[in-house]
Structures are given as structure tokens and as C-alpha cells.
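Engineer: Below are the sequence and a predicted model; questions follow.
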Amino acid sequence: MVPGPRGRNLTGDYMIIPVRCFSCGKVISSSSVKFEEKMADIRKTGREPTPDEISREMESLGIHRYCCRRMILSHIDLIDEILPFS
Amino acid sequence: MTEQRRKAVREAGEYKQMSVTINTMSDDFIRFTVDGLTPSTANALRRTLMDDVPKLAIDKVIFHHGQIRDSEGNVYDSSLPLFDEIVAHRLSLVPIVSDLSMNFRDNCSCKGEGCPLCTMTFSINKIGSGVVNSGDLQPVGKSDLVPADKEIPIVKLGPRQAILVTAEAILGTGKKHTKWQVTSGVSYKYHREFLVEKKKVKNWETYKNHCPDSVLSENAERIVFSDDNRCTFLSQLLDNPDVKVTEDDTKYVFQFETDGSLKAIDVLDYALKRLSQRLNLLLDSVVGD
């Protein structure tokens, strides 16, 4: 995933996916890992996931509220970028 | 306040016996109906569910700094790509299967020093490279109190990096910190009824077919629906001027989910007991004797 301008995103400059949703407190990090794996599988077939597929995957992971969905959708993982410098 | 006085206070108000019915239930989700509530008590129950149900969460993390050696004598560095504070914070948010028979540290016989009655200890010992997950938290002592979710990424380790920490989990409530909040998405709505005259609304049968569980009663002239158990198709009835919608502000449909540290039914059970304690506490401080 390509970071946006200066690598900033909605959920803040978090290097790694936040454990819980900022608004409601649901644990979303484990679902996020599964979600990203699913999306990577789809991208391997040479196309971007469709909104329908994204929505269906969110439902199957039990991420129903939009506060939790934005945590996953807007997150950019930067920990691999800083790993060589620690 | 005496029991007699308390009874008099109860009878002076419109006291109604509360009843709870469970609509849907799984380990981490519950939807239930409470009858005989006032709007303020309904909100009190919501707040009790959110911030007065205790659970275990990591409160103290001790990091080992310096070199870490494995069994073959390889040397690893204890520095991490994230600050220790961030790692400690991430560890604290991990839901841990909780045992409510444990003591709060403030009320424990050890007088706040920390003992097996009020403290649960965990350790992580992992060498890189790789991801440290919440499943790497090894319980020391009671082996049934483990992280409820084992796939939460805590931190990533590069080659020649290792992590060695000890963590202490104690009981607390959501009042103090979200890490002790068992429930999420606690919400309630009035019990709502849709009275449909079969003569006026011709397509009433479509609603019945889409939401067969939502039918409360039916006779030759009319059919009554309720959206207590969510059926999105019924929302079209709200815009129909021929449908009579009534809401009952003494009957509430609640729903919430838990993070896995406690079962939903146990949370509800605790919250209902705690609610009456809280209300009596208020009554005692307001009325006096």
C-alpha cells in the first residue's frame, strides 16, 4: 500500500494497526490482519477488490459499525518502513 | 436507611417490577428486552454495562533492557521498533479472559501490594524476526486466564531483536480506563409497534414474508409488526402514512457485544445486580434517614 501525502492517515501516525476502535472500543486489530490477507489474495488475481467484496468481508468478520470500519480502511501500516532503523 | 423507609420510597414512586427477556444471545453478543423501566433507569443500565463491569487488563509492564541470549548462545538486542510506552499500551488493551471472583487490588487482603488473589502475571519471551502476537502472552499461574483474542499484533521484531517482558493484570472498571471496558456498542431503543390495517396497506403480505419473526399478532383486519429483532425491510413502514407507529417508553430493547473477556450473559447478570446497588447508593445519599 502506498502512503498518502507525508504518510499521514485518518487514524493518526500509527505504525501498526491500533488494537481497538477509537470510538467504541471493539478489538479490531485481529480482524484487520485477516481482512488485509483476504484483500491481498484478491489483488494477487490482478484486480482491486470491489466495494461489494470489501463490504461482505467486513460483515463476515463482524465489523458492523462504521467507526470500526474506518479504523481498518484508513490505516496505513508503516512499521515495516521503520523496522530497519530501530 | 432502614428497609421500611426504602420500601416507602419505592411505593411512593411508580414502582414497577422489572422483567428481562433475552431475544438473541451468543458468547459475545446479546440482545434483550427490559420491561418496566423509566428512560433514566434505561440509561443508567447502559452506563453500568459500559463502565461498571470489572475485567482483567494489564496494568504494569516490566521490560528487560540490554542483551537477550537464547539457548544456543546467540545474542539479541532488546530495542524495539516501537517505544516501550506504546508496546505497554497495546498490551494493556488486549482482552484477557477474566475471573470475577478475584479481588480488586484496593480491597485485597494484601493491601494493594499485589498477590495471587488480585494479580495475574504474564510473560513474553520471543526472538526475532517476526510478529509478536497477543497469543505470545504466557500466563504465570492460573492457566485458564489467557488472552481472549490470540491474533492481535503487538509489535514487529527485526532480525537480532528480541522481547522479554513481564506484565501484571489487575481487575478494574471502564470508569478509569477503556482497557477495563468489557462491552462495546451498548445501545437501546424503545419497543416499537407497527399497526398495519390490511385494507389500507395492500402489500402487507410482503412484509410478513420478509420478516416472519417480527409479527406480534394478526387477525382478519390488522397485523402488528415489531422491529425488536432487526429486520431492515420493516423500515419502509416508517414512511407509510397509513401505518400507525407506537413506541413504548417503559419497554426497551438493549444490545451490546463484549470483547471476549467475559460472556455476554455474565456481563448482563453482573450489570443488573450492580445497577440496583448503584441506585440504592443514590437513594441512600439523597433521602438520608
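Structural biologist: Happy to help now that I have it.
Engineer: What helices and strands are in contact with the helix or strand harbouring residue B:132?
Structural biologist: Per DSSP states H and E: residue B:132 is located in strand B:130-133. Counting contacts by 3 or more Cβ pairs under 8 Å, 6 or more residues apart in numbering or on different chains; DSSP states H and E, strand B:130-133 packs against strand B:153-157. The C-beta positions use only the backbone N, C-alpha and C, and glycine is treated the same way.
Engineer: Briefly note if the helix or strand just after the strand it packs on comes near chain A.
Structural biologist: Later in the chain than strand B:153-157, the nearest helix or strand by DSSP H and E is strand B:162-172. No: counting by Cβ under 8 Å from any Cβ of the partner chain, chain A is not contacted by strand B:162-172; separation bottoms out at 11.8 Å.
Engineer: Parallel or antiparallel, list what pairs with the helix or strand following strand B:162-172.
Structural biologist: Going down the chain from strand B:162-172, the next helix or strand is strand B:183-197, by DSSP H and E. According to DSSP bridges, strand B:183-197 has the following sheet partners: strand B:222-226 (antiparallel), strand B:244-258 (antiparallel).
Engineer: Might you calculate how far the strand holding residue B:132 sits from the centre of the chain?
Structural biologist: Using Cα atoms, centre = their mean, to the nearest Å, the distance from the centre of strand B:130-133 to the centre of the chain it belongs to is 27 Å.
Engineer: Against residue B:107, how distant is residue B:23?
Structural biologist: Separation of residue B:23 from residue B:107 (Cβ to Cβ, to the nearest Å): 36 Å.
Engineer: out of these two, which sits in the busier spot?
Structural biologist: residue B:23 (15 against 10; other Cβ atoms under 10 Å in any protein chain shown).
Engineer: Nearest residue to that one in space, please, no chain neighbours.
Structural biologist: Distances taken as Cβ to Cβ, 6 or more residues apart in numbering or on different chains put residue B:31 closest to residue B:23, at 4.5 Å, once the chain neighbours are dropped.
Engineer: Surely that neighbour touches residue B:254?
Structural biologist: Yes: assessed by Cβ atoms under 8 Å, residue B:31 is found in contact with residue B:254 at 7.0 Å.
Engineer: Of the two, give the one with the bigger neighbour count.
Structural biologist: residue B:254 (22 against 19).
Engineer: State the pLDDT value of the more buried one.
Structural biologist: pLDDT, residue B:254: 95.
Engineer: what bridges to it?
Structural biologist: Here residue B:254, judged by DSSP bridges, has bridge partners residue B:32, residue B:188.
Engineer: that older thread, and the helix or strand that the strand holding residue B:132 is followed by, which strands flank it?
Structural biologist: Scanning forward in sequence from strand B:130-133 by DSSP H and E, the next helix or strand is strand B:138-140. Next to strand B:138-140 in the sheet, as set by DSSP bridges, lie strand B:119-127 (antiparallel).
Engineer: chain center to the partner strand, what's the gap?
Structural biologist: For strand B:119-127, the distance to the chain centre is 25 Å (Cα atoms, centre = their mean).
Engineer: that older thread, nearest to residue B:236, of the strands paired with strand B:183-197?
Structural biologist: Nearest of the strands paired with strand B:183-197 to residue B:236, taken as Cβ to Cβ: strand B:222-226 at 11.1 Å.
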